[in-house]
Structure formats: structure tokens, C-alpha cells
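S.K.: Following is a predicted model, sequence given first.
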Amino acid sequence: MFDPETLTLAEAVLAACRSRGWRLATAESCTGGLVAAALTAIAGSSDVVERGFITYSNEAKIEMLAVPSDTIAAHGAVSAQTTAAMARDAVRRAPADVAVSITGIAGPGGGSPQKPVGLVYLGVARRDGACRVERRVFPGDRTEIREAALVEALQMLQDEAQAA
């Protein structure tokens, strides 16, 4: 299901979190659970992976993660503000030390000049309140965009666990 490089990166994320005694959560929109699936494809991941939220719709973001509807109305579901709220709320709602969030436009439709197909926001939040968001525009079709977002999310998790 996942290529060897992605699984190696997922293993590195798990090892980095294990070394800190961290548990993690995911809050995914356009990736539909790919990050959680890649992590849980690794045997023994249950000591690190706490839970995943798949919040594809705006309503799911609001109901499951308490993303303020005002944030979505003002900035859109695909925005730095919504992504930060998703990551922060995933940490708050799960007994986790770190959470990654992803929202974007995987296409083939749904893009605009301001928010093109391939635009993805990724966030990482820690229980201590630290949160960072990155904006990326990935090339390719829907599958390639989602796979690129998966790899970037895993890389952000690994970087966070190694740097903290």
C-alpha cells in the first residue's frame, strides 16, 4: 500500500516519538487518513499512535475538533488558521503530545486563482502550545498531491519530535 520510503519515514516518526515518550494524533482532511494509515502500517505503532480524526467536511472540523465556524467562514477550510486550529484541537481532544493536521485542495476540481489545486496546509501542534503551519503547493494529480502531503506531514512530525 505504501512505498518503502514512506514506511521508512513512518518508522522514523514512531522511533522519534518513542524516544521522547510521546503519543501522537492526526487530524486529516484532504489526505483522508493516509498519515494514520502509514503510521499504523508499522507493527507496534500502538504505543505511539493515539488516534486519528478524519475531518473531511467543514461540519466534521467544527464538531470533532471544535474548529470555530468563524475561522472557517473568515479564512476557509483550506487556510493556515483552520490548519492551526485542527492541530491544536487534536492535541487538546486526544491524550497526545503532538498532532499533525492537513487540509488542502487535492483536485482535480475545487481550485481557484487564490487557492489552486495542489495547495495544502500542514500543521504540527504540541501539548505545550507550540504550533507551526506550513503552506505547500504540490504538483501532480490527486493521488500525487495526497502522497506528497502524506510525506510532508510525516517529515514535519519527525522534525518536531527530534527538535523538541
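M.R.: Right, received. Where do you want to start?
S.K.: quick one: G118 from G107, how far?
M.R.: 7 Å (CB to CB, to the nearest Å). No exception for glycine: its C-beta is placed from N, CA and C like everyone else's.
S.K.: shared neighbours, those two?
M.R.: Jointly contacting G118 and G107 under the rule CB atoms under 8 Å, 6 or more residues apart in numbering are I145.
S.K.: can you give me the strands in the protein?
M.R.: Remark: strands assigned in the chain by DSSP state E are 24-28, 49-54, 98-104, 119-126, 131-137.
S.K.: To D89, which of those strands lies closest?
M.R.: Closest approach to D89 among the strands of the chain is made by strand 24-28 (7.3 Å; CB to CB).
S.K.: okay, the angle between the closest one and strand 49-54?
M.R.: Counting by axes from the mean of the first three to the mean of the last three CA atoms, to 10 degrees, strand 24-28 lies at 10 degrees to strand 49-54.
S.K.: ok, back up a step: let's have the strands of the chain in CSV, adding distance to A36 and mean neighbour count.
M.R.: CSV is the format used below for those (distance: least, CB to CB, whole Å; neighbours: other CB atoms under 10 Å):
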stretch, distance to A36, mean neighbour count
strand 24-28, 5, 28
strand 49-54, 3, 19
strand 98-104, 10, 30
strand 119-126, 14, 25
strand 131-137, 19, 16
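S.K.: how about these in JSON lines, adding mean pLDDT?
M.R.: What follows is the strands of the chain, written out as JSON lines (pLDDT from 0 to 100):
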{"stretch": "strand 24-28", "mean pLDDT": "98"}
{"stretch": "strand 49-54", "mean pLDDT": "98"}
{"stretch": "strand 98-104", "mean pLDDT": "98"}
{"stretch": "strand 119-126", "mean pLDDT": "98"}
{"stretch": "strand 131-137", "mean pLDDT": "98"}
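S.K.: between the ones you listed, which one is nearest to L14?
M.R.: L14 lies closest to strand 49-54 among the strands of the chain, at 7.8 Å (CB to CB).
S.K.: mind checking how far that closest one is from the chain centre?
M.R.: 10 Å (CA atoms, centre = their mean, to the nearest Å).
S.K.: that older thread, format the strands of the chain as a markdown table; extra columns: distance to M156.
M.R.: Shown next, in a markdown table, are the strands of the chain (distance: least, CB to CB, whole Å):
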| stretch | distance to M156 |
| --- | --- |
| strand 24-28 | 11 |
| strand 49-54 | 16 |
| strand 98-104 | 6 |
| strand 119-126 | 5 |
| strand 131-137 | 7 |
